[in-house]
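In: sequence and predicted structure below; questions after.
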Amino acid sequence: MKVRLPFIIAILLSSAGAFGLGWVLKPADPASSETASGSAVQTVNTLTPGERQRSDATLAAAKANPVLADYFKNGKIGNEEMQSAIKDMMKENDPLKRNAMFSALLEQLTPENAEAAFAALRESRGNRRGGFGRGGGGDEMRLLLNAWGRIDGENAIAKLTEIADAERAEREANGEDGRGRGRGGFDRGGTFDIYSALQGWATNDAESALAYVNSLESDGEGGDRRKGMYTGGIVNGLLANSVEDAVSFISNLPAEDGSRGRYMESVAQEVLENGAADAAKWVDSLGDDDLKSGAMNRIAESYAREDLDAAIDWISDHASEEYASRAVTEVAERWAEDDPQAVMDWASNLPQETQQGVFEEALDEWTERDPLAASEYLANMQDSPVKDSAVEGFSRELAREDAASAAAWAATIGNEELRTSTLQDVARNWVRQDRAAVEAWLPSSGLPQETQQQILEGGGRGFGGDWGGRGGGRRGR
């Protein structure tokens with residue numbers, strides 16, 4: 001058979017061939033004194049038709065993927081080669097080279113070698129999450145699992161579940177907590193890995209991914225949270241396709257548990273990439289109130305920060321609707337930073353339920369800036385549930401500077417439950433400022449004896465635990 005030397009020379013001179021294909025062109029006998037080009041001719045001439053076909057396939061694959069040239073065998077990357085490539089990639093400290101190699105490996109991922117890639121990456125990162133340098137691998141793991149879910153979702157989930165179950169059983173056998181609780185109370189043994197694979201599965205087959213989630217048994221509150229988390233993963237997986245796909249999926253979920261609004265917040269975050277004004281127009285196009293509610297909640301805050309006047313105009317068009325109540329409060333909170341009295345005046349015509357949240361936010365801000373003006377405004381308000389909420393916000397904020405006055409104001413709240421909770425929070429703050437004064441005040445506070453004792457024994461600890469969702473400080477700040 002006559003070999004065309006120009007063809008061989010062209011391969012030798014190409015960057016792809018020079019990068020990683022030297023093993024294909026090596027002499028059959030390393031000790032031979034023949035030139036490399038002569039050896040290449042001899043090697044190719046001695047291949048059988050089957051071997052020649054495999055060599056051509058490997059050559060083509062390696063030429064198309066020069067960064068992985070050393071790992072192809074018979075035109076593909078098998079389990080052993082994939083494991084070697086992953087381990088070499090994880091040892092690479094140059095982030096650009098590492099990223100290029102990892103991207104190329106993901107393109108070569110198949111149902112056959114995906115598990116080997118997962119095992120190698122897991123071993124290389126030492127079961128640690130996060131970090132891009134050596135010993136990290138959290139980002140790579142999430143992407144790998146997403147890719148595995150796309151090409152073989154059902155088997156990926158089954159394998160990850162099997163691994164998680166085995167690790168849980170091992171912990172139990174060693175006398176450890178079999179649940180292995182991690183972030184959010186979730187089982188650290190695979191929950192987040194399954195979530196990542198489920199995202200990828202949903203991108204290509206959301207129906208099957210949802211069927212898997214629906215098949216899971218709820219093992220109490222943790223199981224329900226896990227199912228909710230996985231459903232959110234499906235939403236995020238669909239967002240890789242389009243916002244419309246994600247919204248369509250959410251609209252078909254049961255409306256009873258209120259979860260649709262939460263999932264819409266994830267979609268709204270994606271839409272916000274085009275700017276808050278466009279996101280607001282998108283919300284207006286939604287027909288379902290549940291969907292609008294979740295989306296508006298996420299967009300309102302960003303819109304108010306980006307263009308307050310436009311946000312006020314936008315939210316005013318929806319302010320009388322129940323689905324907009326939380327979004328109205330988000331805008332009001334930002335507005336109150338500039339002009340709390342204007343917020344109070346604007347909110348006076350809103351539905352009572354919406355007014356309460358707005359007044360609380362406005363009084364909170366106003367009290368910080370000018371407590372005297374805020375108290376004068378409150379004194380002129382008619383008694384109502386709205387005034388109760390306003391006094392609550394006023395008292396909680398005033399307690400930071402003048403707890404005794406805050407307690408006097410809190411005692412005027414008409415709603416018994418709200419009055420009690422506000423007095424408790426004021427007292428917890430006050431006891432840290434002046435314990436003797438609190439001890440003198442408590443007998444006439446109207447608080448139950450048990451609550452009085454808890455306040456004194458706590459010494460102010462836990463203050464803010466009932467702070468209207470603020471977590472010990474003003475919400476969102």
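Out: Sure, I can see it. Only a predicted model underlies this, so the values are computations on that prediction, with no experimental measurement involved.
In: neighbours around Leu418, how many?
Out: Counted by other C-beta atoms under 10 Å, the residues lying close to Leu418 total 18. Heads up, the C-betas are built off the backbone N, CA and C, glycines and all.
In: try Ala60
Out: 12.
In: buried ones in stretch 309-316?
Out: Neighbour-count burial for stretch 309-316, counted by 16 or more other C-beta atoms under 10 Å, picks out Ala311, Ile312, Trp314, Ile315.
In: list the contacts of Gln449.
Out: If you count contacts by C-beta atoms under 8 Å, 6 or more residues apart in numbering, Gln449 has none.
In: per-residue pLDDT, it?
Out: For Gln449, the pLDDT comes out at 90.
In: what are the phi and psi values at it?
Out: With angles defined as degrees, to the nearest 10, Gln449 sits at phi -60, psi -40.
In: ditto for Lys73
Out: phi -140, psi 120.
In: go on, the one 4 residues further on?
Out: Here is the backbone geometry of Ile77 (degrees, to the nearest 10): phi -110, psi 110.
In: if we ignore the residues flanking it in sequence, what's nearest it?
Out: Leaving aside its chain neighbours, Ile77 sits nearest to Gln108 (4.8 Å; criterion: C-beta to C-beta, 6 or more residues apart in numbering).
In: over to Asp205?
Out: Per C-beta to C-beta, 6+ apart, closest to Asp205 is Gly153, 6.2 Å.
In: wait, what's in contact with the residue nearest to Ile77?
Out: Asn65, Leu68, Lys76, Ile77, Met82.
In: quick one: residues contacting the fourth one.
Out: For Ile77, the contact set (C-beta under 8 Å, 6+ apart) comprises Leu68, Tyr71, Ala85, Leu105, Gln108, Asn113.
In: now pLDDT too, for those, in a markdown table please.
Out: Listed next are these as a markdown table, based on pLDDT from 0 to 100:
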| residue | pLDDT |
| --- | --- |
| Leu68 | 87 |
| Tyr71 | 90 |
| Ala85 | 94 |
| Leu105 | 95 |
| Gln108 | 93 |
| Asn113 | 96 |
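In: picking that back up, which of the buried residues of stretch 309-316 sits closest to Leu372?
Out: Closest approach to Leu372 among the buried residues of stretch 309-316 (C-beta to C-beta): Ile312, at 26.6 Å.
In: residue contacts, that closest one?
Out: By C-beta under 8 Å, 6+ apart, the neighbours of Ile312 are Ala304, Val331, Trp335, Trp346.
In: scan those residues and report the most crowded one.
Out: Ranking the contacts of Ile312 using other C-beta under 10 Å puts Val331 first, with 27 neighbours.
In: I'd like the next helix or strand past the host helix or strand of that residue.
Out: Per DSSP states H and E, Val331 falls inside helix 325-336. Sequence order places helix 340-347 as the next helix or strand after helix 325-336, per DSSP H and E.
In: what does whichever helix or strand Phe118 is part of contact?
Out: Here Phe118, judged by DSSP H and E, is contained in helix 114-125. Residues from elsewhere that reach helix 114-125 (C-beta under 8 Å, 6+ apart): 79-80, 82-84, 86-87, 90-91, 105, 109, 135-138, 140-141, 144-145, 147-148, 151-152, 156, 159.
In: about what we covered before: what is the helix holding Val331 packed up against?
Out: helix 289-306, helix 308-316, helix 340-347, helix 352-369 (3 or more C-beta pairs under 8 Å, 6 or more residues apart in numbering; DSSP states H and E).
In: give me the distance from that helix to the chain's centre.
Out: Relative to the centre of its chain, helix 325-336 is centred 24 Å away, using C-alpha atoms, centre = their mean, to the nearest Å.
In: any idea of the mean pLDDT in that helix?
Out: 92.
In: ditto for stretch 357-368
Out: Mean pLDDT, stretch 357-368: 84.
In: with stretch 409-427 instead?
Out: The model assigns stretch 409-427 a mean pLDDT of 93.
In: picking up where we left off before, mind putting the buried residues of stretch 309-316 in a markdown table, pLDDT included?
Out: Putting those into a markdown table (pLDDT from 0 to 100) gives the following:
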| residue | pLDDT |
| --- | --- |
| Ala311 | 96 |
| Ile312 | 95 |
| Trp314 | 95 |
| Ile315 | 94 |
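In: show me which pair in the residues you listed is furthest apart.
Out: Taking C-beta to C-beta, no two of those sit farther apart than Ile312 and Trp314, at 7.3 Å.
In: from the contacts of Ile77, which is closest to Gln199?
Out: Distances from Gln199 to the contacts of Ile77, taken by C-beta to C-beta, are shortest for Leu105, at 18.9 Å.
In: ignoring the adjacent residues along the chain, who's closest to that closest one?
Out: Using C-beta to C-beta, 6+ apart, the nearest residue to Leu105 is Ala85, at 5.8 Å.
In: could you point out which element follows the host helix or strand of the one you found?
Out: Assigned by DSSP H and E, Ala85 falls within helix 79-91. Elements were assigned by DSSP H and E; along the chain past helix 79-91, the next helix or strand is helix 95-107.
In: for that following helix, packing partners?
Out: Packing partners of helix 95-107 (3+ C-beta pairs under 8 Å, 6+ apart): helix 79-91, helix 138-173.
In: quick one, grab the pLDDT at Ile455.
Out: 89.
In: and it, how far from Gln433?
Out: 13 Å (C-beta to C-beta, to the nearest Å).
In: neighbour-wise, which of those two wins?
Out: Neighbour count, other C-beta under 10 Å: between Ile455 and Gln433, Ile455 has more, with 26 against 15.
In: tell me the spacing between that one and Arg125.
Out: Where Arg125 is concerned, Ile455 sits at a distance of 48 Å (C-beta to C-beta).
In: let me know the average pLDDT across whichever strand or helix holds Tyr263.
Out: Assigned by DSSP H and E, Tyr263 belongs to helix 259-271. For helix 259-271, the mean pLDDT works out to 93.
In: I'd like to know which elements that helix is packed against.
Out: Using 3+ C-beta pairs under 8 Å, 6+ apart: helix 259-271 touches helix 221-239, helix 243-251, helix 276-284, helix 289-306.
In: what lies in contact with it?
Out: Residues outside helix 259-271 that contact it (C-beta under 8 Å, 6+ apart): 228, 231-232, 235-236, 239, 243, 246-247, 250-251, 253, 278-279, 282-283, 288, 290-291, 293-299.
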